[in-house]
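Enquirer: Sequence plus the predicted model coming up.
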Amino acid sequence: MPIPGPISTNAVEPRNILEIVNALHRGGLGASFAFGTAARPFSGKQCLVYVVTFPDETTWSIRVPVHSAHAGRDAVCGSVEHEVFILRSLELGGFPWSPKLVAYDATFQNLIRFPYIISSWVPGVPLKWDDDTPARREDRDKIISQVARVIVDLAEVSQAPDRKIGRVLKVQAPNIDLRSCFLQRALVAEVFKAPEEPTTTLISHEDLDPSNIIVDSEFNVKGIIDWGSARALPAQLAIALPRFLAIEMWSLSKEENDGAVSSRSLSRARQISLSLSDPNVDWKRLLFESVFSKGTHIWMAKRSWLLGGVERSSCDWSHGLERLVEMQLGSHVKSFLRLIDLKDAQYQRCLSVMKPKKLWKKIPAYCTLADLPDDVLLLILASLDSARDLSALALSCHRLNHLVATEGWRVFVRSRFPSLAVPIPSSGSVGWRNLAESLTWQSRCWDKRALQFNALLPRPGPGREHQRRREAPFQPVIDAHYDPETQQEIVVWGAGENIVARYRDRKVGDQAAKTSWYRSDGKDHGFTAGYDDVRAISIVKDHHKSGQAILAGRDNGELALLSAEPDRFGQRLTQFRPAPAIEQDSTNGSPGRSRTQDRQETINSLDVLYNGSQSLIAAATKTSVMVYQLPEDDASEAAPLATLDLRRKVFESKSTQLCHAKWMGQGGVVALALKGCKDPLRYLSISPSGEWTQHAAFTNVDIEKQFNIGYGNICPSSLQPVQPHAGSKGGTNLLLSAWRDGTCRLQDLRTASPFDAVYQDNVDPWADMETLMTYGMERFIGGGMNGAAIKIFDFRWTKDYYHTTGLPCMDRVPFSQPPQPFLKAPQVDGSAGRARCNHLLGLPCRWHDLSRHIYYRPNASFFLTKALPHRYSSSGIWSLAKPSDISPNFYIGITGGIIEASLEPFGDEKPSRTMDNDDLNSVFNGLHISNGAVSSATTEYTSVSSPESARPSEYAGYDARPLGASMMETGDGYAFRQNDRAIRFPYLWQPRARGEKANSCDPLMSHHRLDSQYQFPEDYLPEV
């Protein structure tokens, strides 16, 4: 992978800033720079500040921390994230003095190639404060009063965590160990409070000088800016006037001078103030700063922790050190902290800042881990590698049990699965613990290739006429959605001119699971097979007025919003029509005559963007992209907000066609897949006013050389935006796409990115993938026209969760031996011979060390063609859909039918899946399949009397049958130059009947790389 280069501080282009803010503003108006900041931005201590204004008088500031570039990329990104956290905390607390956060990007992978923060602009000018300004005493007192009010308001709404401990846990402060951090907290607790008093930690601005206080012409404080230095302080330090105002409390009172200020007396007062607040003199302040600042921490350590005016004590500090650590950490955490190389002499010198006789009298005899603050405990919980460890910690005491139940499982899910879109649980039956259990279980099934397949195929009808009509089976387009609040899953697909849907309500409490089927027959609405087939379909996630709804685009150009409610399934709610176009009619040589064209072309693709208060539809035809707003009421017709005709600006010839369009993030960028042109992958930048520009996707020369690729033809239906972090704002520029040379390419559309990579099946490198589906940055799935086969790829990024962490240690390599045509086996010198993990030294055992390596986690392909009936022998895969990132199943659209793939270990004693008995109905009570727990689902069919509604029939004319899939491991997944050479064909595991016993009953079955159906007794033989 390419290594990011040095930070460029002069690459901020004002036009790129305008493009970003125009995409964010929802008023449909274009922005312009204010105060001349396009040419000369304001320069703060850490940032360049650009100001943009809109015609509706909205004004934003864009802060780019270019002056912090010398600190490195991680430090710059961390400072932006910290300031965003502070601004959000203040806004949630109702603090009126801080700017309101609009958007941010804490990475270098954006249009301006630098992190930035966009916030509301605070009108006014920075306060000017010196001996003579403001001149009137009333104005000076007014400023003091308002700043005091700001500090009190800040204290009322704020609380903040300890960031330095978080950096140490993430190994971002290598010069400081964790034990010293806790020791410093213990010292502060004894300096600032008695042990029986609660600790109060508040947010302090820490850079509240006049330049960061914005006032108007009458000295009214309008706001406080530049929160990058804000941090948590004890109340004794947080609730205090800033230095430049503190001297006013000692200076002349109103009675001493009537507006006239003595510069001489103020200078003396300032000298006294600065000397008393100097950290070299104020040892309490310095001690506290060392808790939060690694620089102060290291500075004190280099000076033997000695402060002016404090003498060393000759008492025995060794005993006192152990008691202090025991007080703050407890015996359980002491063993955890000793994995770091400690230098006790350093801590003994540290304690010389304290008065020993006063200190030890205040220390209680014994304290435990539960006495730590919640913010520190949550940082520890976030560093745990497995749910087993979190559960064990919760059993240690009531407080930890409560903390784990209320916050711990949420922290675990967010930290172990950061790239998955995990919804916030809203149902009483499903909580964060259920999500953690489900996601860890699913991760194990994915890694062990534990998948089972169930085909949903149209039931053959009687008569030769019906058979002839089905000689050309439909090409399904499919979509699925899971609602965590109602515990309902919907899967809908276009079957020729018909639309079929299955509703599955999960078991919740005493409510039984239920499955319902519906079909909207096209002939009932005047549609004919072939000409009016469904080409694109999408489930509308939240249609407020009419309940659930479906978007359907057809070959004949019709785009309609259809009801998905059971009592009126398939009923048309809104017809989307383009604005009538006037085209010149030159057929009879009369240039003055014209004709109206209002028929839409074939809908090739649909994509819905859910962005705050509005939902936007991007409908792609052969020549244009039409942007519609999804109506919230039952409007009979809707016209497009914008029609982007590509024939003039984009198309290179008459043979060029648009095949697919996909939203990228927040609505400002649309990715395009074209055919018949030189650059088949492009993107459009759309402003709120509807103006747009087109760009060819960035070509990374280093990636071309590394993977030996060119840019030929793209697989048009394969565009998949990839979000590196599920919670990040501002969208993404990363796109995964499949190409006709058999590669799948992850690339940043605008610039070179460290994420850029090229993936390929190492066994069958030339097999195209027509459709792709991603699960965050963990894995993606592809399928194509070379038979009913799906390919599972690992993105090859370091994962945050490995299911092998919870298994016992071993001194052997993972088994069985994986087929890797090009990747070499990892070196095992460091962990060879280590049978157990050494947690104190942070050294894993041999098996745990190697089981995380990509060499022992190869990609896999599942072949389904032989298991299908003979009439499906030539089936290919046209579409893929998943209900959600947390669902243990997904759907495959094959020629003439649908296949449901479910994560399920082989050999579970469960009945075969039928239409009435579906394992997944029972498993979503805990969001995963629980061993041995089977609950029958009730299948419901409701007759519909409305003539325009669907006609539900038994299973909507479909039959279900289990499929046995053959599985082959296909290498590490990167494209290689040598991929055209002959390689040894990997072993092909043949499907086995459900309920059949595994090949092996070895006690080490759980350590095997693969599911039990792929295990053989010889796999467990000792290493030679």
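Expert: Thanks, I have it.

Enquirer: now what about stretch 393-409, what contacts it?
Expert: Counting contacts by Cβ atoms under 8 Å, 6 or more residues apart in numbering, the residues outside stretch 393-409 that touch it are 332, 368-370, 374, 377-378, 381, 384, 390-391, 431-433, 435-436. Where C-beta positions appear, they are placed from N, C-alpha and C, glycine not excepted.

Enquirer: just checking, which of those belong to helices?
Expert: 332, 374, 377, 378, 381, 390, 391, 432, 433, 435, 436 (DSSP state H).

Enquirer: and the third one, how many neighbours?
Expert: When counting by other Cβ atoms under 10 Å, one arrives at 21 neighbours for residue 377.

Enquirer: which residues touch it?
Expert: Taking Cβ under 8 Å, 6+ apart, one finds 369, 400, 403 in contact with residue 377.

Enquirer: so where do the strands sit in the stretch 601-750 of the chain?
Expert: 605-611, 614-620, 624-629, 637-638, 642-645, 657-663, 669-675, 681-686, 692-696, 720-721, 734-738, 743-748 (DSSP state E, counting those that start in this stretch).

Enquirer: what's the last one packed up against?
Expert: The criterion is 3 or more Cβ pairs under 8 Å, 6 or more residues apart in numbering; DSSP states H and E, and the helices and strands that strand 743-748 contacts are strand 734-738, strand 757-760.

Enquirer: Any chance of JSON lines for the strands of the stretch 601-750 of the chain, columns mean pLDDT, distance to residue 770 and mean neighbour count?
Expert: As requested, the strands of the stretch 601-750 of the chain are exported to JSON lines (pLDDT from 0 to 100; distance: least, Cβ to Cβ, whole Å; neighbours: other Cβ atoms under 10 Å):
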{"stretch": "strand 605-611", "mean pLDDT": "89", "distance to residue 770": "13", "mean neighbour count": "19"}
{"stretch": "strand 614-620", "mean pLDDT": "89", "distance to residue 770": "16", "mean neighbour count": "22"}
{"stretch": "strand 624-629", "mean pLDDT": "92", "distance to residue 770": "21", "mean neighbour count": "22"}
{"stretch": "strand 637-638", "mean pLDDT": "90", "distance to residue 770": "31", "mean neighbour count": "14"}
{"stretch": "strand 642-645", "mean pLDDT": "89", "distance to residue 770": "25", "mean neighbour count": "18"}
{"stretch": "strand 657-663", "mean pLDDT": "94", "distance to residue 770": "11", "mean neighbour count": "22"}
{"stretch": "strand 669-675", "mean pLDDT": "93", "distance to residue 770": "11", "mean neighbour count": "23"}
{"stretch": "strand 681-686", "mean pLDDT": "89", "distance to residue 770": "16", "mean neighbour count": "21"}
{"stretch": "strand 692-696", "mean pLDDT": "86", "distance to residue 770": "23", "mean neighbour count": "15"}
{"stretch": "strand 720-721", "mean pLDDT": "94", "distance to residue 770": "12", "mean neighbour count": "20"}
{"stretch": "strand 734-738", "mean pLDDT": "94", "distance to residue 770": "7", "mean neighbour count": "24"}
{"stretch": "strand 743-748", "mean pLDDT": "93", "distance to residue 770": "12", "mean neighbour count": "23"}
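
Enquirer: Ok, which of those strands comes nearest residue 791?
Expert: Closest approach to residue 791 among the strands of the stretch 601-750 of the chain (Cβ to Cβ): strand 743-748, 9.0 Å.

Enquirer: tell me the angle of the closest one relative to strand 734-738?
Expert: Computed by axes from the mean of the first three to the mean of the last three Cα atoms, to 10 degrees, the angle separating strand 743-748 from strand 734-738 equals 160 degrees.

Enquirer: Paired strands for strand 743-748, with orientation please.
Expert: strand 734-738 (antiparallel), strand 757-760 (antiparallel) (DSSP bridges).

Enquirer: between those, which one is nearest to residue 785?
Expert: Smallest distance to residue 785 across these (Cβ to Cβ): 11.5 Å, for strand 734-738.

Enquirer: ok, residues contacting the closest one?
Expert: In contact with strand 734-738 (Cβ under 8 Å, 6+ apart) are residues 109, 662, 664, 671, 673, 681, 697, 714-715, 718-724, 744-749, 753, 755, 768-772, 774, 780, 782, 784.

Enquirer: what do you get for stretch 59-69?
Expert: Outside stretch 59-69, the residues that reach it (Cβ under 8 Å, 6+ apart) are 7, 9-10, 12, 17, 20-21, 31, 34, 43-53, 75-76, 79-80, 99, 102, 112, 114-123, 228.

Enquirer: what do you get if the cut-off is 6 Å, keeping everything else the same?
Expert: Stretch 59-69 is contacted by residues 7, 9, 12, 17, 46-53, 76, 102, 114, 116-119, 121 when judged by Cβ atoms under 6 Å, 6 or more residues apart in numbering.

Enquirer: and residue 225, how many neighbours?
Expert: With other Cβ under 10 Å as criterion, residue 225 counts 24.

Enquirer: helix/strand/coil for residue 15?
Expert: helix (DSSP: H, G, I helix; E, B strand; the rest coil).

Enquirer: what's around it, how many residues?
Expert: 9.

Enquirer: list the buried ones in stretch 753-764?
Expert: For stretch 753-764, a neighbour-count test (16 or more other Cβ atoms under 10 Å) marks 753, 755, 756, 757, 758, 759, 760, 761, 762, 763 as buried.

Enquirer: separation between the closest residue to the fourth one other than its chain neighbours and residue 797?
Expert: With sequence-adjacent residues excluded and distances taken as Cβ to Cβ, 6 or more residues apart in numbering, residue 757 is closest to residue 746, at 5.0 Å. Plainly put, residue 746 is 10 Å away from residue 797 if you go by Cβ to Cβ, to the nearest Å.

Enquirer: Look up the closest residue to residue 38, ignoring the ones flanking it.
Expert: residue 14 (4.4 Å).

Enquirer: ranges for the helices of the stretch 401-550 of the chain?
Expert: Secondary structure of the stretch 401-550 of the chain (DSSP state H, counting those that start in this stretch): helices at 409-416, 432-448, 464-469.

Enquirer: who does the longest one touch, helix- and strand-wise?
Expert: By that I understand helix 432-448. Other elements packing on helix 432-448 under the criterion 3 or more Cβ pairs under 6 Å, 6 or more residues apart in numbering; DSSP states H and E are helix 409-416.

Enquirer: what angle do the helix it packs on and helix 432-448 make?
Expert: 30 degrees.

Enquirer: Tell me the helix or strand right after the helix or strand hosting residue 63.
Expert: Element membership of residue 63, judged by DSSP states H and E, is strand 59-64. Following strand 59-64 in sequence order, the next helix or strand is helix 73-92 (DSSP H and E).

Enquirer: Which positions in that following helix come out as buried?
Expert: Buried positions in helix 73-92, judged by neighbour count with 16+ other Cβ under 10 Å: 76-84, 86-87, 89-91.

Enquirer: which residues sit against that helix?
Expert: So helix 73-92 is in contact with 65, 68, 98, 101, 104, 106, 115, 227, 228, 230, going by Cβ under 6 Å, 6+ apart.

Enquirer: Beyond it, next helix or strand please.
Expert: Next along the chain from helix 73-92, counting by DSSP H and E, comes strand 101-105.

Enquirer: Return the list of helices and strands in contact with that following strand.
Expert: strand 116-120.

Enquirer: No more questions from me, cheers.
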